[in-house]
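# Pasting the sequence and the predicted coordinates here, then a few questions.
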There are 2 protein chains.
Amino acid sequence: MYDLISLGKAARQASARLRTSNTDARNRALCAIAAALREHIPEILEANRLDLANAKAAGIRSVMIDRLTLNPDRIRGIADAAEDVSRLADPIGVVDEGTTRPNGLQILKTRVPIGVVAMIFEARPNVTVDAAVLCLKSGNACILRGGKEAFATNRVLVRLMRGAVEQAGLPADSIGLVEDTSHETAERLMRLNGYIDVLIPRGSARLIRSVVENASVPVIETGAGNCHMYVDRAADLKMAVDIIDNGKTQRPSVCNSLETVLVHQEVAAAFLPMMKARLDLHQVELRGCERTCAILHSATPATEEDWATEYNDFILAVKVVDSLDEAVAHIAAYSTGHSDGIVTNDLAASRQFTAQVDSAAVYVNASTRFTDGGEFGLGAEIGISTQKLHTRGPMGLRDLTSIKYIVTGNGQIRP
Amino acid sequence: MYDLISLGKAARQASARLRTSNTDARNRALCAIAAALREHIPEILEANRLDLANAKAAGIRSVMIDRLTLNPDRIRGIADAAEDVSRLADPIGVVDEGTTRPNGLQILKTRVPIGVVAMIFEARPNVTVDAAVLCLKSGNACILRGGKEAFATNRVLVRLMRGAVEQAGLPADSIGLVEDTSHETAERLMRLNGYIDVLIPRGSARLIRSVVENASVPVIETGAGNCHMYVDRAADLKMAVDIIDNGKTQRPSVCNSLETVLVHQEVAAAFLPMMKARLDLHQVELRGCERTCAILHSATPATEEDWATEYNDFILAVKVVDSLDEAVAHIAAYSTGHSDGIVTNDLAASRQFTAQVDSAAVYVNASTRFTDGGEFGLGAEIGISTQKLHTRGPMGLRDLTSIKYIVTGNGQIRP
């Protein structure tokens, strides 16, 4: 049985040292990581070629192969990102609030690292570096469990990063790799209470469901995005076409891309042909309700399953609704609570929509594609939370911190 | 099989209405709850007498009987507390931060209810009302699962509260009670994903462990407190005696009471007899390390188990340490991360201690008994979190909220 306990203990010890490390040391470590990656491009590529050969022999589909593939430019991009993070403000040591109580006790609510962050993810080696870098910046040790397809690449990346961190005077065990990619070991990792303070899964819906069902350590669910755009009767129809085209076609494979359009009946006849003309440029397949198909004869009839599906592809579900209320009810029934929007120039409609739709990000007259740490101005993100606990929406450095109350007095006792 | 799904659906529907309810309506509901409790004291007491008779017949121990017992004063106190909560600021609708991005998108980070909060707790009927009141104030529906010992009392309390909420124009299903107190139903509640946004267990270490191990819904662990006070060589010894006496004897049964004292070797000979003289007034049993027993001959020798035990009783573990470093290491090994403190007048020692000790509340020269929502100025608390996710330490109304990003533009699309 793979020895997760030793890995957990090492991470916990490293986390105790990171907790009291200073900002400069952590930033130096990030720059050292960037330098190590740039210096060892041939070595990284050699490991990556091995992973790619294995993946191709195993018949992995081409979109996965693309995610797995590194080249000198991608490696330099990953290194640049690490340096960018070194220039962000330190989220640790911030005093959120403070007060002096009537009895003279001073209470400071301060930001501290969470401790040990575990991540389970799939075939993207850039996540290996991004996750380690964001954890290190925020004073957390991390335990990484990447997909077996990227194992050789991840092993080289983690070895290089550990060396760089040590060279900067911080413990190498700040970054740990689970060197056994079996499901059984992943499931034990999910239950490593006492060593792991939070587990963040990133990847397929299946992976995330497995973590939610099996984990006993605290989890941040990063999730699927079945995102909606509602075209209100008071919409600027040209704007709606732009926003829907952008949401669907700019990068269909990501979680904040658009999956369903809801159209108010009063504008459906005018709007749907305009929308179709634009989406035809990208050969988007439309799956419509009865009323949609009556207007767009080439649309495929949608089934119940279409409303619930995150296509991540050039397919869009379309439904004509009687009212804003019906749009809100449809979103309540089918949305995954990631990103949903309205196109309207009616202020009351926009207020009702933003109040009633219960999603991490609710948009008025803008593309859902903006739900992203960088676009929100958070600087960098470690994932997008679709749960309501701890944080919701794009998770930046601050979301990798916890609270410590520091209470100082001169002998106060409780009466 | 008890129908939890219907209960979950009803709570989810109520939560959708609560999400857009206004502050006044929710405050009116809290005042209506207070009035209903005051008006129905005889009915509540009758149900409570039934629970008490069953508990006594089942041979429940007396401390549990005390927690279970209501009387007119206690009921009026619970009603007063509900009115106090109605006077607190509304945590919902607050805009935490906002920005306008270079492309003109306005991004507001707003506070919204979590949704449906489930609580599993034991024999204290006041928790039934407190939890419902705090959830309602923060716009959350709640599902309550109290202990079987308080079942008749809880049923009356929940019926009265549901009536009051409805009378104030909000859905009765804002407050739901699990009317089957079997373990099997509790375990299904822990896995009611899709209906419950967070589960907060309150009660024994055994209950909390069971929730952490079994739950698939997000959990806030409220926890055990194995709390320490370290008497530094630079301590004001008289102050240290006061703080330790208060921590141990003012209310030993609670989670922020003191369980272990660590004493620097240089002051042990002077300090320990002073401490013993004071604690003798409360017949506190001392369990000491070898060096402690050499100074205090009447102390019982401590075993390894003593360092890890939350006594919740008039018993105190005592250890002499060589240094501040040893004190910090002992706390790292045995503390539950609830509340730990130092008594010292040495600024460098206090800085080292507060930086290195990783607990929800770290004290300098004050009693650990202050770790409490009211004492921290949070107004009311629903529990004390000993996990690092979401929140840590006393949980106030703000900790019953989540985030919604509201993004408004005029046609922005992502390049």
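That came in fine, so what should we check first? Numbers count the residues shown, from 1 in each chain, chains lettered A, B, ... in the order given.
# Dump the helix or strand of chain A with the lowest mean pLDDT to CSV, restricted to CA.
Using mean pLDDT, DSSP states H and E, the weakest-scoring helix or strand in chain A turns out to be helix A:62-68, at a mean of 85. Included here for helix A:62-68 are C-alpha records, laid out as CSV according to Å, rounded to 0.1, in the frame of the first residue of the first chain:
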residue,chain,number,x,y,z
SER,A,62,-7.0,13.8,-29.2
VAL,A,63,-8.4,16.6,-26.9
MET,A,64,-6.7,14.9,-24.0
ILE,A,65,-3.5,14.5,-26.0
ASP,A,66,-3.6,18.3,-26.6
ARG,A,67,-4.0,19.1,-22.9
LEU,A,68,-1.1,16.8,-22.1
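# so what secondary structure elements neighbour it?
Using 3 or more CB pairs under 8 Å, 6 or more residues apart in numbering or on different chains; DSSP states H and E, the elements in contact with helix A:62-68 are helix A:41-57. Yep, even glycine has a C-beta here, placed from its N, CA and C like the rest.
# How about the residues of the stretch 201-350 of chain A by chain B?
Taking CB under 8 Å from any CB of the partner chain as the test, the list of the stretch 201-350 of chain A residues beside chain B reads A:212-216, A:218-221, A:236, A:239, A:242-243, A:245-246, A:250, A:332, A:341, A:350.
# The stretch 201-350 of chain A: helices as residue ranges?
All helices of the stretch 201-350 of chain A, identified by DSSP state H, counting those that start in this stretch, fall at A:205-214, A:237-249, A:265-280, A:290-295, A:304-308, A:324-334, A:347-356.
# for those, which one ends up most surrounded?
Highest mean neighbour count of the helices of the stretch 201-350 of chain A: helix A:237-249, a mean of 22 (counted as mean count of other CB atoms under 10 Å in any protein chain shown).
# Distance from the least confident helix or strand of chain A to the middle of the chain?
With CA atoms, centre = their mean, to the nearest Å as the basis, the distance from the averaged C-alpha position of helix A:62-68 to the chain average is 19 Å.
# mind listing what the residue lying closest to residue A:387 once chain neighbours are set aside touches?
Closest residue to residue A:387 apart from its sequence neighbours, by CB to CB, 6 or more residues apart in numbering or on different chains: residue A:221 at 4.3 Å. Residue A:221 sits next to A:201, A:208, A:211, A:212, A:385, A:386, A:387, B:218 when contact means CB atoms under 8 Å, 6 or more residues apart in numbering or on different chains.
# got a list of what the first one touches?
Okay, so that is residue A:201. When contacts are counted by CB under 8 Å, 6+ apart, residue A:201 touches A:119, A:120, A:121, A:207, A:208, A:210, A:211, A:219, A:221, A:222.
# okay if I get these as a markdown table plus pLDDT?
Below are the contacts of residue A:201 laid out as a markdown table (pLDDT from 0 to 100):
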| residue | pLDDT |
| --- | --- |
| A:119 | 96 |
| A:120 | 96 |
| A:121 | 92 |
| A:207 | 90 |
| A:208 | 89 |
| A:210 | 92 |
| A:211 | 94 |
| A:219 | 94 |
| A:221 | 90 |
| A:222 | 88 |
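# Could I get the buried residue list for the biggest strand by length in chain A?
In chain A, assigned by DSSP state E, the strand with the most residues is strand A:401-412. With burial defined by 16 or more other CB atoms under 10 Å in any protein chain shown, the residues of strand A:401-412 counted as buried are A:401, A:402, A:403, A:404, A:405, A:406, A:407, A:408, A:409, A:411, A:412.
# which residue packs closest to the closest residue to chain B within the stretch 201-350 of chain A, ignoring adjacent ones?
Minimum separation of the stretch 201-350 of chain A from chain B (CB to the nearest CB) falls at residue A:246, amounting to 3.6 Å. Counting by CB to CB, 6+ apart, the nearest residue to residue A:246 once its immediate chain neighbours are dropped is residue B:413, at 3.6 Å.
# what's around the one you found, how many residues?
Using other CB atoms under 10 Å in any protein chain shown, residue B:413 is surrounded by 18 other residues.
# Over to residue A:87?
By other CB under 10 Å, 10 other residues sit near residue A:87.
# The one 4 residues further on now?
A total of 20 residues lie near residue A:91 under the criterion other CB under 10 Å.
# List, one by one, the residues from the stretch 51-200 of chain A near chain B.
Counting by CB under 8 Å from any CB, the residues of the stretch 51-200 of chain A near chain B are A:99, A:101, A:105, A:107, A:112, A:114, A:115, A:193, A:197, A:198.
# Among those residues, which ones are in strands?
Among those, DSSP E puts A:99, A:107, A:112, A:198 in strands.
# Can you tell me which of these are buried?
Taking 16+ other CB under 10 Å as the criterion, what is buried in these is A:107, A:112, A:198.
# Spit out the contact partners of the residue lying closest to the second one once chain neighbours are set aside.
Here the nearest residue to residue A:112 in space, its sequence neighbours aside, is residue A:404; by CB to CB, 6+ apart that works out to 4.4 Å. Shown in contact with residue A:404 (CB under 8 Å, 6+ apart): A:110, A:111, A:112, B:354, B:358, B:359, B:360, B:361, B:362, B:392.
# Residue A:118 too?
Residue A:118 makes contact with A:142, A:143, A:144, A:145, A:189, A:192, A:196, A:198, A:199, A:200, A:217 under the criterion CB under 8 Å, 6+ apart.
# go with 6 Å
Residues in contact with residue A:118, defined by CB atoms under 6 Å, 6 or more residues apart in numbering or on different chains, are A:143, A:196, A:199.
# tell me the angle of whichever strand or helix holds it relative to helix A:205-214?
Assessed by DSSP states H and E, residue A:118 sits inside strand A:116-121. Orientation of strand A:116-121 against helix A:205-214 (axes from the mean of the first three to the mean of the last three CA atoms, to 10 degrees) gives an angle of 140 degrees.
# partner strands of strand A:116-121, parallel or antiparallel?
Strand pairing for strand A:116-121, determined by DSSP bridges: strand A:141-145 (parallel), strand A:198-202 (parallel).
# hang on, the earlier thing: kindly indicate which of the contacts of residue A:118 lies nearest residue B:320.
residue A:196 (33.7 Å; CB to CB).
# from what I can see that closest one touches residue A:217, true?
Yes - counting by CB atoms under 6 Å, residue A:217 is a contact partner of residue A:196 at 4.6 Å.
# Quick check: closest non-adjacent residue to residue A:80.
Among residues not flanking residue A:80 along the chain, residue A:34 sits closest, at 7.1 Å (CB to CB, 6+ apart).
# Touching, the one you found and residue A:84? I think so.
No - taking CB under 6 Å as the contact criterion, residue A:34 and residue A:84 are not neighbours in contact, 9.3 Å apart.
# ok, these two, which is more surrounded?
The residue with more neighbours, out of residue A:34 and residue A:84 and counting by other CB under 10 Å, is residue A:34; that gives 23 against 15.
# ok, so what distance separates the more buried one from chain B?
If you measure residue A:34 against chain B using CB to the nearest CB, to the nearest Å, the figure is 26 Å.
# Name the helix or strand for that residue, please.
With DSSP H and E as criterion, residue A:34 is part of helix A:23-39.
# average model confidence for that helix?
Per-residue pLDDT over helix A:23-39 has a mean of 98.
# for stretch A:269-277, same thing?
The average pLDDT for stretch A:269-277 rounds to 98.
# Pull that stretch out as PDB, backbone CA atoms only.
Output in PDB follows, covering the C-alpha atoms of stretch A:269-277 (Å, rounded to 0.1, in the frame of the first residue of the first chain):
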ATOM      1  CA  ALA A 269     -39.400  35.400 -34.300                       C
ATOM      2  CA  ALA A 270     -37.100  38.300 -34.900                       C
ATOM      3  CA  PHE A 271     -34.200  37.100 -32.800                       C
ATOM      4  CA  LEU A 272     -33.800  33.400 -33.600                       C
ATOM      5  CA  PRO A 273     -33.000  33.800 -37.300                       C
ATOM      6  CA  MET A 274     -30.400  36.500 -36.500                       C
ATOM      7  CA  MET A 275     -28.800  34.200 -33.900                       C
ATOM      8  CA  LYS A 276     -28.800  31.300 -36.200                       C
ATOM      9  CA  ALA A 277     -27.200  33.300 -39.000                       C
END
